[in-house]
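*Asks:* when you get a sec, could you give me coordinates for this:
(chains A and B)
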Amino acid sequence: MGRNYSVDVLDTNTIDVTIGGLTSAATIRPRIYDFVIGSAATPGDQAASYHLERYTAAGTSTAVTPQALDPGDPASLLASTTGENHSAEPTYTAAAIMANWTVNQRATFRWVAREGKEIVLPATAANGIGLITRVVTSAYTVRATFHEEE
Amino acid sequence: MRNPHGYALWVDPDLPRDFERDTFTCAHCNAINQVTPFTTPAALGGWCSCCCAPICPKCSDRFECTPFEKKLEAYERANRFAQQAGLVLD
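*Replies:* Numbering: from 1, shown residues only, chains lettered A, B, ... in the order given. From the prediction side, this is the model:
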């Protein structure tokens, strides 16, 4: 069994702007097995469609440090370009949409994968998975948490 | 769905109860797909008889079997080669 880490990202869900991204490295093949998204903003009747898409260049973001779920584990090997609140967008691969969820602002969404059926990131530098808003009625702040194994 | 690959849950205070869906992971492209209850297997995409696994509608239309693991290995190999050769691959 690999080591498990949590990556928590926070951003406004502006259309076509990345909320957060997990960037792999040449030494690991991370697997995303749990994903939660919700909003702590003042409740409103808004809706958004979120995609998990593959990218080949990480863009520029505020770095997020993955937290080990087992405190005895060493630091995550995800690249330091793993982050949130992107100021320069990652380079997304066309049509590489790993998941697409539509969530109301009042709702909290969770997806969990069975063992062996996770979203897999390649063991290649700068490649990763980005959480991006593709449709939103009116932007609001969202928080998402990924659990990944490496 | 028997033996789902994943589980999706929406907790929405405006709904009378939680909204749930099974999911499956496409064996060819690794995409996560929702399973609509009582739908036909064909409507979900298809079943690859080569790798004995469910596949998404997009992969089903391609009429070929390249398991995701194989694609991943080829991609990583190409990138390692490009790095060693001093090339940059997208």
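*Asks:* who's in contact with the residue nearest to residue A:104 when sequence neighbours are not counted?
*Replies:* Ranked by C-beta to C-beta, 6 or more residues apart in numbering or on different chains and with sequence neighbours excluded, the top spatial neighbour of residue A:104 is residue A:47, at 5.1 Å. For glycine as for every other residue, the C-beta is placed from the backbone atoms N, C-alpha and C. Counting by C-beta atoms under 8 Å, 6 or more residues apart in numbering or on different chains, residue A:47 makes contact with A:102, A:103, A:104, A:105, A:135, A:136, A:137.
*Asks:* how far does stretch A:76-92 stretch from one end to the other?
*Replies:* Using C-alpha to C-alpha, to the nearest Å, one end of stretch A:76-92 lies 23 Å from the other.
*Asks:* show me what counts as buried in it.
*Replies:* Neighbour counts using 16 or more other C-beta atoms under 10 Å in any protein chain shown place A:76, A:78, A:79, A:81, A:82, A:83, A:84, A:85, A:86, A:89, A:90, A:92 of stretch A:76-92 among the buried residues.
*Asks:* again, but for stretch A:94-104
*Replies:* In stretch A:94-104, residues buried by neighbour count (16+ other C-beta under 10 Å) are A:96, A:97, A:98, A:99, A:100, A:101, A:103, A:104.
*Asks:* and which of these is nearest chain B?
*Replies:* residue A:99 (4.0 Å; C-beta to the nearest C-beta).
*Asks:* would you confirm that the closest one contacts residue B:32?
*Replies:* Yes: Residue A:99 sits in contact with residue B:32 when judged by C-beta atoms under 8 Å, with a separation of 4.0 Å.
*Asks:* now, the contacts of residue A:47 that are in strands?
*Replies:* Using DSSP state E, the members of the contacts of residue A:47 that fall within strands are A:102, A:103, A:104, A:135, A:136.
*Asks:* tell me what the fourth one is bridged to.
*Replies:* When you say that, I think you mean residue A:135. Note on residue A:135: beta-bridge partners by DSSP bridges are residue A:49.
*Asks:* and it, how far is that from chain B?
*Replies:* Residue A:135 sits 16 Å away from chain B, taking C-beta to the nearest C-beta, to the nearest Å as the criterion.
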